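A.B. asks: my questions are about this predicted structure, shown below with the sequence.
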Amino acid sequence: MRAIIVGAGIAGLVTARQLGLAGWEVDVVEQSPGPRTAGYMMDFFGPGVAASEHIGLYPRLAAVAYPVEAAEYVDETGRATAHLDYERFARAAGGKVLTLLRPDMELAARDALEDVDPGRIRLHYGRRPTGFHDDGQRVAVDLGGSGDVRGEGQGAGRDNATTTLEADVLIGADGIHSAVRAWRFGPEEDYLRPLGMRAAAYIAQAPDLGSRLGRRFLLTDSLNRTVGLYGLRTGEVATFMVSREDGADGADGAGAPGDAPARLRRRFSGLGPDVDRMLELCPQDPYDDVVAQVVLPTWHRDRTVLVGDACGAVSLVAGQGGSLAIAGGALLGELLAAVTTPAQIPGVLAGFERQWRPVIEAAQASGRRAVWTFLPATARQRLVRRLVLRAATLPVINQLVARRIVKSIAS
């Protein structure tokens, strides 16, 4: 059996590994010229923990995780306004929470391809799909561009020729702007549901700042915009910046075209000296995209299926994107691994959607409800967030009371 996976992100790599372990031949197509190095810090918990333990990926993830002791909110003067102890957070999240850079999660998933027999999985970097075909019996992808093809266990070579790949199933794991989704189901504006925010993220060399941060997340306790900072083991500092797209606070529209560093400075300056320092170090092309969810009436058709953000982006507000990418990829790989004839594939893809869609929809609903706590728009909402974080140190009964107060004020 053969599969083509478009997208060498977390979901695509995990799916490829599970299929390769089951004896499938897998081509993974990625338009970027190599593994991506940009991305923000994520908390890894929930479904992905159980899935990664089940498939043997958890030790690799734990090996690249960062130790975090606390998340600390500060005002523009640097004064702490609220504090979240990560040990308590881990207990509330089921006991296991890893803090990982997104590129490191991808690295762990890519390194895990070494568990597959050499030659079964081929990574085609720098190749862009230019055409798709699905006649109900076979799928095919036309590739443009040139780059590396990497057969796991067999080194790398050049991949220059115009190529058409054929397989029994096509898996779109190419993110919220999925080309596979656009081909099979229509333009992204039909399915992309913006949450009214835009996010930027980058990593910069700032060893003095990283040393001062220690093992803390530093988060600005601000309205309509927020910045997070964390020091890395390399002496660099990772940052993410999120703002509303409606021009709140008199700033220019967050999605306006133009020079990205200048726009981010206009939008986020004044949130404290550490933030201003990171803005000075902003690269010319940081990660910069809309914060959105993907909502589709169906994820599969004939021999084509979507996985990860391509079909069910939950947004960074929901906080489980990496976890759901691993769990969804592992489930799809496990279900397809049981296929013995190509005729079974459409039914298996339908079964994957039936089993996984409720999990994604619940996470998306949670993310939509969490928008105001992640990015408060009023002083009242910010105050409630502070009270809830402070209540986390109180007995359980007081925490329950605090949650009820939050619900009544925020609704």
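C.D. replies: Everything's here; your move.

A.B. asks: can we go C-alpha only for contacts and neighbour counts from here?
C.D. replies: Will do.

A.B. asks: could you find the closest non-adjacent residue to V74?
C.D. replies: Nearest non-adjacent residue to V74, counting by CA to CA, 6 or more residues apart in numbering: A80, 4.3 Å away.

A.B. asks: surely the one you found and E72 touch.
C.D. replies: Yes - counting by CA atoms under 8 Å, A80 touches E72, with 6.7 Å between them.

A.B. asks: of these two, who's got more company?
C.D. replies: Between A80 and E72, counting by other CA atoms under 10 Å, E72 is the more crowded of the two (19 against 15).

A.B. asks: is it true that that one touches L218?
C.D. replies: Yes - applying CA under 8 Å as the test, E72 and L218 come out as touching, 5.2 Å apart.

A.B. asks: which residues touch the host helix or strand of T15?
C.D. replies: Here T15, judged by DSSP states H and E, is contained in helix 10-21. By CA atoms under 8 Å, 6 or more residues apart in numbering, the surrounding residues in contact with helix 10-21 are 5-6, 25-26, 28, 105-106, 109-110, 112-113, 115-117, 120-121, 172-174, 307-308, 322, 325-326, 328-330, 332-334, 336-337.

A.B. asks: name the strands paired with the helix or strand just after that helix and say parallel or antiparallel.
C.D. replies: Next in sequence after helix 10-21, counting helices and strands by DSSP H and E, comes strand 25-30. Strand pairing for strand 25-30, using DSSP bridges, gives strand 2-6 (parallel), strand 121-125 (parallel).

A.B. asks: for R380, find the nearest of those.
C.D. replies: Between R380 and the strands paired with strand 25-30, the tightest spacing by CA to CA is seen for strand 2-6, at 44.5 Å.

A.B. asks: give the rounded mean pLDDT of that closest one.
C.D. replies: The average of the pLDDT scores along strand 2-6 is 97.

A.B. asks: list of residues touching that strand?
C.D. replies: Residues lying outside strand 2-6 but in contact with it, judged by CA under 8 Å, 6+ apart, are 12, 16, 24-30, 141, 165-174, 180.

A.B. asks: quick check on the residues you listed: which are buried?
C.D. replies: Buried members of the contacts of strand 2-6, scored by 16 or more other CA atoms under 10 Å, are 12, 16, 24-30, 141, 166-174, 180.

A.B. asks: past the longest strand along the chain, which element shows up next along the chain?
C.D. replies: The longest strand of the chain (DSSP state E) is strand 192-205. Later in the chain than strand 192-205, the nearest helix or strand by DSSP H and E is helix 207-213.

A.B. asks: and that next one, what does it pack onto?
C.D. replies: Helices and strands touching helix 207-213, by 3 or more CA pairs under 8 Å, 6 or more residues apart in numbering; DSSP states H and E, are strand 225-231, strand 236-244.

A.B. asks: what strands line up against the shortest one, and which way round?
C.D. replies: Strand pairing for strand 225-231, using DSSP bridges, gives strand 216-220 (antiparallel), strand 236-244 (antiparallel).

A.B. asks: skipping adjacent residues, who's closest to R386 in space?
C.D. replies: The shortest distance from R386 to any non-neighbouring residue, by CA to CA, 6+ apart, is to A82 (5.6 Å).

A.B. asks: how about the one you found, secondary structure?
C.D. replies: Three-state assignment for A82 (DSSP: H, G, I helix; E, B strand; the rest coil): strand.

A.B. asks: could I get the contacting residues of it?
C.D. replies: The neighbourhood of A82, defined by CA under 8 Å, 6+ apart, consists of 72-74, 386, 389-390.

A.B. asks: now it, which residues is it bridged with?
C.D. replies: Beta-bridge partners of A82, as defined by DSSP bridges: Y73.

A.B. asks: any idea how far T220 is from it?
C.D. replies: Here the criterion is CA to CA, to the nearest Å. By it, A82 lies 10 Å from T220.

A.B. asks: got it, and D142?
C.D. replies: Relative to T220, and taking CA to CA, D142 is found at 46 Å.

A.B. asks: between these two, which is the more surrounded one?
C.D. replies: T220 (23 against 16).

A.B. asks: how about the more buried one: which residues does it bridge to?
C.D. replies: The partner residues for T220, given DSSP bridges, come to V74.

A.B. asks: so it sits right up against E76, yeah?
C.D. replies: Yes - using CA under 8 Å, T220 makes contact with E76 at a distance of 7.3 Å.
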